[in-house]
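J.: fold the following, please.
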Amino acid sequence: MDKQIQKGNGEKPGPLSWLRKKLEIRNHLSQTQFIAYGFLGIILIGTLILMLPWSNRSGQSLGFVNCLLTATSATCVTGLVAADTWSQWTLLGQLAIITMIQIGGLGFITIGVFLSILLRRRIGLKQRGLMQESVNTLQIGGVVRLAKHIVLWTMVFEGAGAVLLSIRFIGDFGLVKGIYYGIFHSISAFCNAGFDLMGAREPYSSLTYYHGDWLINMTIMSLIVIGGIGFIVWEDLGRNKLQVRRYRLHTKIVLVTTVILLFGGAALFGLLERENVMADMCIGDRIWAALFQSVTARTAGFNSTDTAALTDGSKLVTIVLMFIGGSPGSTAGGIKTTTLAVLLLCIRASVDQTDGVNVAGRRLDGDVIRQAGLILSFNLMLTIAAAVWIVLFQPELLMSDVLFETFSAIGTAGMSTGITRELLPVSKLALVVLMFCGRVGSLSSALAFTQSKKKPPVRLPVERITVG
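T.: Alright, predicted model coming up:
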């Protein structure tokens, strides 16, 4: 249009022509693209802040790739770090990290809608659609109310967690530092981020010092589980209380799958580590350690035992739990509990040769089954491809450690056997891609950065092949 004006009237483009072009580009973005680019913008801003000399205790930047890895890990609520959080970053750097964690956990769309509510601004259909896409809710109706509830309940849960954690941390670190530690770890746990400041005791020690502390364990685990079950489940539980029959099918599947994974994982860890890292623990400490390991593996990133010292069996169980992750529309990552449930129900339906996939008196939609299969396949391919990529450049690394790292990244779990800081920049960039895909969604990330194609008017003829 600017060119037409210039040719027809002999006028030069106005000073606001660039702004009009920006708005035109924004209007052409899909909801998925807008969310993906939004997260990318937050990561880049966070990277620049962490590169400032005032953000680093040494006064020297950690380098672009390491700062990018840290910013991506914080925004994508993962927990993989190139340097110990307390030892490397000043208060400015730590505040930048915890801010990215909060924005990444709740989603910048949710925070933006909540601010619009406070400022009494009109929230249009497009903003409501973005909110629906952001929290992965089933319907657009009520998303504004949901945004308000998400932020308010987050403040309640994180506030309660901060108070409980401060009770213990004040005794260990003093009043001011103890309160700050309580707030930081409460936000990190609720958002399933896994960042900690325990480097003040020993770098990379996480919560190993508190492996038998019931207050720390209960508070951290509760925050992780509450943040990981999903905002849709919160709303359903708040509306229907203990009337289980009135719960949505989504809520029932999430709660049942979560309980099975939590206690099933704890039982396996207890058995596999009874003669290993838990050998010198009393029965009570073993129970806490097993439960904590099972909960934190579901995308939280903390650890109360030495992850590198786990048996191969425990590492395999951890990989599986990291890959599954939390539930849709939550602060957690992974392929999600509902995806696992749908795939298992599909297998059962195939074995029983039933008409459709049925559960709790309902039949699942065919598109949901197809999407679950795509998510599983796409995430697996990305994870394995990244592992091969890293081994190509660093063949000295154990494949088991590399796979643990890549599954941790795609599941935004943040657990590591300790090789993160040993990786080359090219390997760290692979983790950055995995963490971004794990937070935004692997399929969503692929769709966001590829141009959508129109469906051809003519379909090709069908020919069967043999599979299986």
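J.: count of neighbours near residue 351?
T.: Residues lying near residue 351 (other C-beta atoms under 10 Å) number 8. (C-beta placed from N, C-alpha, C; glycine too.)
J.: how about the backbone phi and psi for it?
T.: The phi/psi pair for residue 351 (degrees, to the nearest 10) reads phi -70, psi -40.
J.: what separation do you get for it and residue 358?
T.: Distance of residue 351 to residue 358, computed by C-beta to C-beta, to the nearest Å: 13 Å.
J.: and residue 199, by the same measure?
T.: From residue 199 over to residue 358 (counting by C-beta to C-beta), the distance is 51 Å.
J.: those two: who's more crowded?
T.: Taking other C-beta under 10 Å, residue 199 and residue 358 do not tie; residue 199 has more neighbours (18 against 14).
J.: could you list every residue that touches the residue nearest to that one when sequence neighbours are not counted?
T.: The shortest distance from residue 199 to any non-neighbouring residue, by C-beta to C-beta, 6 or more residues apart in numbering, is to residue 86 (3.4 Å). Counting by C-beta atoms under 8 Å, 6 or more residues apart in numbering, residue 86 touches 94, 196, 197, 198, 199, 200, 203.
J.: check for me that residue 86 belongs to a helix.
T.: Yes. Counting by DSSP: H, G, I helix; E, B strand; the rest coil, residue 86 is found in a helix.
J.: residue 343 touches residue 374, doesn't it?
T.: No. Taking contacts as C-beta atoms under 8 Å, residue 343 lies outside contact range of residue 374: 11.0 Å.
J.: who's more crowded, those two?
T.: When residue 343 and residue 374 are compared for neighbours, residue 343 comes out ahead with 17 against 13, by other C-beta under 10 Å.
J.: after the helix or strand containing the more buried one comes which helix or strand?
T.: Secondary structure from DSSP states H and E places residue 343 in helix 337-352. Using DSSP H and E, the helix or strand that follows helix 337-352 towards the C-terminus is strand 358-359.
J.: show residues contacting that following strand.
T.: Under C-beta under 8 Å, 6+ apart, the answer for strand 358-359 is 249, 253, 345, 349, 364.
J.: out of these, which are buried?
T.: Burial by neighbour count, 16 or more other C-beta atoms under 10 Å: within the contacts of strand 358-359 this picks out 253, 345, 349, 364.
J.: and the residues you listed, which two are furthest apart?
T.: 253 and 349 (14.7 Å; C-beta to C-beta).
J.: could you report the neighbour count for residue 117?
T.: For residue 117, the count of nearby residues is 15 (other C-beta under 10 Å).
J.: cool, and the one 10 residues further on?
T.: Close neighbours of residue 127, defined as other C-beta under 10 Å, add up to 18.
J.: for it, which non-adjacent residue is closest in space?
T.: Residue 127 sits nearest to residue 113 (C-beta to C-beta, 6+ apart), 6.3 Å away.
J.: same thing with residue 408?
T.: residue 415 (5.0 Å).
J.: for the one you found, give me its contacts.
T.: Listed by C-beta under 8 Å, 6+ apart, the contact partners of residue 415 are 79, 194, 296, 297, 301, 303, 307, 318, 322, 404, 408.
J.: check which helix or strand covers residue 461.
T.: Applying DSSP H and E as the criterion places residue 461 outside every helix and strand.
J.: residues near it, how many?
T.: Neighbours of residue 461 under the rule other C-beta under 10 Å: 4.
J.: do you know the pLDDT at it?
T.: The model reports residue 461 with a pLDDT of 87.
J.: that older thread, same for the helix holding residue 343, what does it pack against?
T.: Under the contact definition 3 or more C-beta pairs under 8 Å, 6 or more residues apart in numbering; DSSP states H and E, helix 337-352 sits against helix 249-272, helix 312-324, strand 358-359, helix 366-393.
J.: dump those into TSV; add mean pLDDT and distance to residue 99 as well.
T.: Shown next, in TSV, are these (pLDDT from 0 to 100; distance: least, C-beta to C-beta, whole Å):
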stretch	mean pLDDT	distance to residue 99
helix 249-272	94	28
helix 312-324	94	25
strand 358-359	87	40
helix 366-393	92	28
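J.: right, and those - which one's nearest residue 333?
T.: Closest approach to residue 333 among the helices and strands packed on helix 337-352 (C-beta to C-beta): helix 312-324, 8.7 Å.
J.: and the helix holding residue 343, how far out from the chain's middle?
T.: Centre-to-centre, helix 337-352 and its host chain are 24 Å apart (C-alpha atoms, centre = their mean, to the nearest Å).
J.: so that helix versus helix 366-393, what angle?
T.: Counting by axes from the mean of the first three to the mean of the last three C-alpha atoms, to 10 degrees, helix 337-352 lies at 110 degrees to helix 366-393.
J.: tell me the angle of helix 337-352 relative to helix 312-324?
T.: 100 degrees.
J.: could I get the average pLDDT for stretch 66-74?
T.: Here stretch 66-74 scores 95 as its mean pLDDT.
J.: chain center to it: distance?
T.: Put simply, stretch 66-74 sits 14 Å off its chain's centre (C-alpha atoms, centre = their mean).
J.: now swap in stretch 33-52 and tell me
T.: Computed by C-alpha atoms, centre = their mean, the chain-centroid distance of stretch 33-52 equals 16 Å.
J.: mean confidence score for that stretch?
T.: Averaging pLDDT along stretch 33-52 yields 91.
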